[in-house]
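Colleague: Got a sequence here, can you model it:
(2 chains)
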Amino acid sequence: MSSLTRRHFLTTTTGAGLAGILAAGVPPARGQQREISYLCWNNFAPLSDKKLAEIGQRFTKDTGIKIKIDHIAAPQQAAKYAAEVQTQAGHDLVEMRMHVPWLYEAQLVDVSDIVANLEKSYGKVIAPGYEAAHVKGVWRAVPQYHSIFVSAYREDLFKKASLAAPKTWEDLYKVGLELKKMGHPVGIPISQNFDTISTGSAVMWCHGAMEVDKDGKTVKINSEQTAQVVEWYKKMYRDCMEPEVLSWDDASNNQSLQQGKAGWIHNPVSAYIVARDQKLPSADGINHHLSLSGPGGRHDVTAPRSIGIWKFSKNVEPSKEWIRYLLGKKEVYDEYIMSGGAFLLPLYTKLQDHAVLKTDPKLATLKGEGTTYHTYGWPAPASDKVQLITNSFILPNMLAKAVTGTSTKDSIAWAENEMKKVMAGS
Amino acid sequence: MAIGSVGIATATRSTSLRSRVSELLDRESWLGPIFVSPAMVLILLLVAYPFCMALYFSVSNAFIGRPSTFIGIRNFINLWDSDAFRQTFQNAFVFCGIAVGAKVVLGISLALLLNQQLWFKRLIRGAVLLPWVIPTALSTLGWSWMFNSLYSVVNWTLLAIGLIDPPGPNWLGQKYYAMAAVIIVNIWRGLPFFAITLLAGLVAIPKELYEAAEADGAGPVARFWHVTLPLLKGVLGIVVLFSTIFTFSEFNIIYVLTHGGPINSTHLFATLARQVGLETGRIGEGAAISLYLFPALMIVVWAQLRYVRKQAY
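Modeller: Numbers count the residues shown, from 1 in each chain, chains lettered A, B, ... in the order given. Below is the predicted model:
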């Protein structure tokens, strides 16, 4: 009988073990510890990111699934999604803004089962959430929250100068003249960022202008109404704002209001809640009023966000578990919404009168009675093309060209040409 | 007895194997490729593979996450219809021309200064390298605050000393100022490379040549033109060629400071390629943008290598 040496034992067991793993294609139990990764943006309501981390830890404790939450700046999200899709590697879950689920429809797991359960508890998903994540009859992402654009202004300055809060975009021009004289210009960004598209879209809709027609195919930006919008922007830039708006990112208008410079901005309530939470001197003077109207009525803009799961993820079930935990447990979802101080608003019918709206009298505007919220591209139906027009920043560049010297006609013609190229793309 | 025979046979086999291996390693034709192979594998994986992928993408209608087809050089032709690309093409030459030109002049001046007998010479030479050593994204973030429209310390200083009137230039929001800002940061970042490399060239110039020139009555300017500059030409040529390539392909400074704005006025090939290829998903077009100057840069590299060989032999 030959004796078993240590070397022989190790060789045999290691070889057999490796062969077993390779044959089964499944890693051993130790390597199977469930772990998921979730990519989100750096929320403009920073406390909600802290809360998310806290909820993540509780999720791990309750379910045994480890979660790694990564944050990146909003402008980097589009490139990050693209890189993950192209390499078929990266996070399991991604938080998506606006119509991104349409753009990556083929790459996203069907999450209709989760949404169906959420709708049973919270009521139907409201229009912006539906438009953003319900792609060709399938939920490609789970509606998470939305951020409504309102008018954030320095109420103290308005009172001091006996100015009334504007009701129309034209009123804003008149008020803006005074504000600039007082050294507190209007702060509407005109640069490659999402806030420029948000405000620009609202101004367009209120003037009856549109980028793409209801048929979702015909580019309609070259119109008399768009020309009126461009002319309005030109005089606002010239008389009521400062050139700095051409270099702003999504945070700059918030900072300008918080630091006491801007007298009026068009933004979600994040500027105020950060000023309030950080006890900035400007916080007391800031208040909100409804977004403005124009010859075409009042049309407000909102930015929905939803959570999607990549098809290449090897952890689809644990990922769904996380969404159910964060959004499906009423107490957890409430806690998350409350942490955002009304920058995060629920996207489900029965939750519209949420307690977060009662936490501060300055958030009353957000109840938005009689308001119709649209997502980018309206009245064209949601599509990947709409998202590509967003990602190409055509509207901001058209406005920036116009206010820096290009004629209204040429600026619009340029935008029309760029949009046609996007619509013609495969 | 049997055990002893096996032991001897094994020992003989291992000795002959060892001698055969050492014999192989003695041969240059084997040893050379063995040493080079790890580097070659790395180059193939990290350079050749992505490069070939980029080449393939540039001649296809590749869109993120969708199947693609071969379309020849249509991307390269269609790019000329895009005013963003035409603007970028112009920006690249303006940015590179001014930045490299300024770095040459300032680099030589700084190198001459550092070559003098100074107090704390080593400390100063070390400090000069700081912009080159600090991660670009981090240092550029600092510059973005310095140029920020709300908090600009540059404007604050210029206002305080009465050089400008309020509110001061909008560094990142107006196209000429924005271009000036990114060029300034590129010069700040690239200057140490010029200065330290040229300093090495200066140190290598024999002192006797200066003494001889001085004895012949040459002043400082004449010594610079007739001794320093001709002998620095070799190093200067290499530095300029390297810097031209680096400056043309600049990404970090533009991305952090301006994102290519306002209205594409500071986009360079790398930043526009990222925007088109990743943010709008047209990866084929993005690859074509990033490869547009490849033939020109190849000529630059060829010239560089030719120059180096000429200097060496």
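Colleague: Spit out the contact partners of residue A:105.
Modeller: Listed by CB atoms under 8 Å, 6 or more residues apart in numbering or on different chains, the contact partners of residue A:105 are A:135, A:136, A:140, A:384. All C-beta atoms are positioned from the backbone trio N, CA, C, and that covers glycine.
Colleague: Residue A:308: what secondary structure?
Modeller: Taken by DSSP: H, G, I helix; E, B strand; the rest coil, the conformation at residue A:308 corresponds to strand.
Colleague: Now for it, how many residues are close by?
Modeller: Counted with other CB atoms under 10 Å in any protein chain shown, residues neighbouring residue A:308 total 27.
Colleague: That one against residue A:110, yeah?
Modeller: No: using CB atoms under 8 Å, residue A:308 is not in contact with residue A:110; the gap is 10.4 Å.
Colleague: Might you report the residue contacts of residue 96?
Modeller: No chain was given, so I picked chain A. By CB under 8 Å, 6+ apart, the contact set of residue A:96 is A:77, A:81, A:104, A:132, A:133, A:141, A:305, A:306, A:307, A:308.
Colleague: nope, chain B
Modeller: Residue B:96 is in contact with B:244, B:247, B:248, counting by CB under 8 Å, 6+ apart.
Colleague: Format the residues you listed as a markdown table; extra columns: distance to chain A and pLDDT.
Modeller: Output for the contacts of residue B:96, formatted as a markdown table (distance: CB to the nearest CB, whole Å; pLDDT from 0 to 100):
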| residue | distance to chain A | pLDDT |
| --- | --- | --- |
| B:244 | 27 | 90 |
| B:247 | 23 | 93 |
| B:248 | 21 | 91 |
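Colleague: most neighbours, which of those residues?
Modeller: For these, the largest neighbour count, defined by other CB under 10 Å, is 23 neighbours, found at residue B:247.
Colleague: before we move on, which element is that one in?
Modeller: Using DSSP states H and E, residue B:247 maps to helix B:229-248.
Colleague: Does the residue of the stretch 1-150 of chain B found nearest chain A belong to a helix, a strand or coil?
Modeller: Chain A sits closest to residue B:149 of the stretch 1-150 of chain B, with a gap of 3.3 Å, by CB to the nearest CB. Taking three-state DSSP as the rule, one finds residue B:149 in the coil state.
Colleague: how about low-confidence regions in the stretch 1-150 of chain B?
Modeller: Across the stretch 1-150 of chain B, the ranges flagged by pLDDT under 70 are B:1-14.
Colleague: Mind jotting down where the helices sit in it?
Modeller: Assigned by DSSP state H, counting those that start in this stretch, the stretch 1-150 of chain B shows helices spanning B:2-26, B:28-43, B:49-58, B:74-78, B:83-114, B:121-128, B:130-133, B:136-147.
Colleague: what's near enough to touch residue B:18?
Modeller: No contacts exist for residue B:18 under CB under 8 Å, 6+ apart.
Colleague: Please read the previous query as pertaining to residue A:343.
Modeller: With contacts taken as CB under 8 Å, 6+ apart, residue A:343 has the following neighbours: A:43, A:44, A:45, A:48, A:147, A:268, A:269, A:270, A:273.
Colleague: Next, the second one: phi, psi?
Modeller: Read that as residue A:44. Residue A:44 has phi and psi values of phi -70, psi -10 when expressed as degrees, to the nearest 10.
Colleague: Could you find the closest non-adjacent residue to the residue nearest the centre of chain B?
Modeller: Centroid-nearest residue in chain B: residue B:246, 2.6 Å away (criterion: CA atoms, centre = their mean). Spatial nearest neighbour of residue B:246, excluding adjacent residues (CB to CB, 6 or more residues apart in numbering or on different chains): residue B:190 at 7.1 Å.
Colleague: Per-residue pLDDT of that neighbour, please?
Modeller: On the pLDDT scale, residue B:190 is placed at 94.
Colleague: Equivalent analysis for residue A:368, please.
Modeller: pLDDT, residue A:368: 65.
Colleague: can you check residue A:9 too?
Modeller: At residue A:9, the pLDDT value in this model is 59.
Colleague: next one: the one 3 residues further on
Modeller: As predicted, residue A:12 sits at a pLDDT of 62.
Colleague: Same check on residue A:273?
Modeller: pLDDT, residue A:273: 93.
Colleague: That one touches residue A:342, doesn't it?
Modeller: Yes: taking CB under 8 Å as the definition, residue A:273 is a contact partner of residue A:342 at 6.9 Å.
Colleague: OK, contacts around the residue of the stretch 201-313 of chain B found nearest chain A?
Modeller: Going by CB to the nearest CB, chain A is nearest to residue B:278 of the stretch 201-313 of chain B, at 3.8 Å. Counting by CB under 8 Å, 6+ apart, residue B:278 touches A:78, A:79, A:82, A:83, B:64, B:286.
Colleague: got TSV for those residues, with distance to residue A:373 and secondary structure too?
Modeller: Shown next, in TSV, are those (distance: CB to CB, whole Å; DSSP: H, G, I helix; E, B strand; the rest coil):
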residue	distance to residue A:373	secondary structure
A:78	23	helix
A:79	28	helix
A:82	28	helix
A:83	31	helix
B:64	29	coil
B:286	34	helix
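Colleague: Weed out the non-buried ones from the residues you listed.
Modeller: Using 16 or more other CB atoms under 10 Å in any protein chain shown as the burial test, the contacts of residue B:278 include A:78, A:79, A:82, B:64, B:286 as buried.
Colleague: from those residues, which is closest to residue A:347?
Modeller: residue A:78 (21.5 Å; CB to CB).
Colleague: Give me the pLDDT for residue 312.
Modeller: You didn't say which chain, so I picked chain A. You'll see residue A:312 listed with a pLDDT of 96.
Colleague: that's the other chain; I wanted chain B
Modeller: We have a pLDDT of 56 for residue B:312.
Colleague: just residue A:112 next, same as before
Modeller: On pLDDT, residue A:112 comes in at 98.
Colleague: What separation is there between it and residue A:142?
Modeller: Plainly put, residue A:112 is 9 Å away from residue A:142 if you go by CB to CB, to the nearest Å.
Colleague: again with residue A:84
Modeller: Counting by CB to CB, the gap from residue A:84 to residue A:142 is 18 Å.
Colleague: Name the residue in the two with the higher neighbour count.
Modeller: Per other CB under 10 Å, whichever of residue A:84 and residue A:142 has more neighbours is residue A:142, with 27 against 20.
Colleague: Spell out which parts of chain B neighbour chain A.
Modeller: Within chain B, the residues that sit near chain A (CB under 8 Å from any CB of the partner chain) are B:61, B:63-66, B:83, B:149-150, B:167, B:170-175, B:178, B:258-264, B:274, B:277-283.
Colleague: Could you rerun that using 7 Å?
Modeller: Neighbours of chain A within chain B, by CB under 7 Å from any CB of the partner chain: B:61, B:63-65, B:149-150, B:167, B:170, B:172-174, B:259, B:261-263, B:274, B:278-281, B:283.
Colleague: Quick one: buried ones out of those residues?
Modeller: Counted by 16+ other CB under 10 Å, these give B:61, B:63-65, B:149, B:170, B:172-174, B:259, B:261-263, B:274, B:278-281, B:283 as buried.
Colleague: just checking, which of those belong to helices?
Modeller: Counting by DSSP state H, those place B:274, B:283 in helices.
Colleague: quick check: domain ranges of the chain?
Modeller: All of this is about chain A. Domain assignment for chain A by automatic domain parsing gives A:34-148+A:303-367, A:150-290+A:392-424.
Colleague: wait, I meant chain B there
Modeller: What automatic domain parsing lists as the domains of chain B is B:2-58, B:80-312.
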